[in-house]
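Visitor: got a structure for you, letters missing:
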């Protein structure tokens, strides 16, 4: 009986008090069917502030910076948020010559060093860290030598494809049911959060300080405050990315080539999990096509 009580208590404690940080890839993104880049950044900042998010981290593709959206990056900084390195050209480490890839990181670094609130974190585009150890290890060594840490994620998802479906519908002149879209966005992301947290609990025996992968897109601008409200309603805490990257898994670097689902999945793979069990159903374009069709998001 005492053992059962202890087990139940451990289960409750291990499944409560979870923490998560918000990070946004591919900033600054271009104008879309719904918002100009400037409008999107303004709305995103307003909603992050409305939701009282303590900090957010924007991973910048410096090749996308021009005179107009240079100002947008400074707007994020003025709001108290931070910038990090997402390369200059957004190339995949799986498909790019290593020396060329490293030069691209360096080019982005030379640009980002001029911004206040820049943090030396590098997030691999597509989360691709190299298909072979011969590719992977020189990049890791380069980052370490130049004072960079890996801006890993723990929660992967296809928010980028959901935004793609929105943009396509708008381009085709379809009507959008934004309430249904909001619910799908929140529910799909929450499923991703709980999916990877469950893997962490089974693998690590605890819930780490999570890092949520998002993109600087229209869906985030529209619904980030609603998403944060929902996450908090599940008794989770929103923390800063800087705090999230103090978790012990930041220095737990598994010797695997399966890294494109994030750090938690990579650790699980190193402990013998099958890849099929580390990818959520909604991380699939056909799945999302069918889901959006069944929910009649667009008409």
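Guide: Thanks, I have it. Quantities reported herein were computed from a predicted structural model and do not represent experimental measurements.
Visitor: Outside of the helix or strand harbouring residue 44 itself, list whatever touches it.
Guide: Residue 44 is part of helix 37-50, with elements assigned from DSSP states H and E. Residues outside helix 37-50 that contact it (Cβ atoms under 8 Å, 6 or more residues apart in numbering) are 22, 24, 28-32, 35, 56, 68-69, 71-72, 75-76, 79, 81, 216-218, 220-222, 224-225. The way it works is simple: take the backbone N, C-alpha and C, and place the C-beta from them, glycine included.
Visitor: Pull out the buried positions in that helix.
Guide: Going by neighbour count (16 or more other Cβ atoms under 10 Å), the buried part of helix 37-50 is 37, 40, 41, 43, 44, 45, 47, 48.
Visitor: Look up how far residue 298 lies from the residue nearest the centre of the chain.
Guide: In the chain, the C-alpha closest to the average C-alpha coordinate belongs to residue 213, at a distance of 1.0 Å (Cα atoms, centre = their mean). The spacing between residue 213 and residue 298, counted by Cβ to Cβ, to the nearest Å, is 25 Å.
Visitor: likewise residue 248?
Guide: 44 Å.
Visitor: higher neighbour count, these two?
Guide: residue 298 (18 against 10; other Cβ atoms under 10 Å).
Visitor: what sits against that one?
Guide: Residue 298 makes contact with 165, 169, 174, 175, 176, 177, 292, according to Cβ under 8 Å, 6+ apart.
Visitor: so where's the stretch 1-150 of the chain uncertain?
Guide: 1-16 (pLDDT under 70).
Visitor: And the helices in it?
Guide: 2-14, 37-50, 67-78, 98-112, 133-145 (DSSP state H, counting those that start in this stretch).
Visitor: Just want the angle from the third one to helix 98-112.
Guide: Yep, that's helix 67-78 we're talking about. Counting by axes from the mean of the first three to the mean of the last three Cα atoms, to 10 degrees, helix 67-78 lies at 70 degrees to helix 98-112.
Visitor: For helix 67-78, report the contacting residues that lie outside it.
Guide: Contacts of helix 67-78 (Cβ under 8 Å, 6+ apart): 27-28, 37-38, 41-42, 45, 56, 58, 60, 65, 82-83, 115-117.
Visitor: mind redoing it with 10 Å?
Guide: 24, 27-31, 36-38, 40-42, 44-45, 48, 56-58, 60, 62, 65-66, 81-83, 111-112, 115-118, 216 (Cβ atoms under 10 Å, 6 or more residues apart in numbering).
Visitor: what about that helix, distance to the chain center?
Guide: Taking Cα atoms, centre = their mean, to the nearest Å, one finds the center of helix 67-78 at 20 Å from the center of the full chain.
Visitor: what's the neighbour count on residue 262?
Guide: For residue 262, the neighbour count with other Cβ under 10 Å is 24.
Visitor: Please apply the same query to the one 5 residues further on.
Guide: Taking other Cβ under 10 Å as the neighbour definition, residue 267 ends up with a count of 21.
Visitor: Ok, residue 285 next?
Guide: The local packing of residue 285 (other Cβ under 10 Å) involves 11 other residues.
Visitor: Could you do residue 62 as well?
Guide: Residue neighbour count, defined by other Cβ under 10 Å, stands at 23 for residue 62.
Visitor: tell me the contacts of it?
Guide: Shown in contact with residue 62 (Cβ under 10 Å, 6+ apart): 27-28, 73, 83, 85-90, 104, 107-112, 115.
Visitor: Go again with 6 Å.
Guide: By Cβ atoms under 6 Å, 6 or more residues apart in numbering, residue 62 lies in contact with 88, 108, 111.
Visitor: Where is the longest strand in the chain?
Guide: Ranked by residue count, the top strand of the chain under DSSP state E comes out as strand 19-27.
Visitor: list the buried ones in the longest helix along the chain?
Guide: Looking across the chain with DSSP state H, the single longest helix is helix 178-204. The neighbour-count check on helix 178-204 (16+ other Cβ under 10 Å) flags 181-186, 188-190, 192-197, 199-201, 203-204 as buried.
Visitor: Repeat that for stretch 59-71.
Guide: 59, 60, 61, 62, 63, 64, 65, 69.
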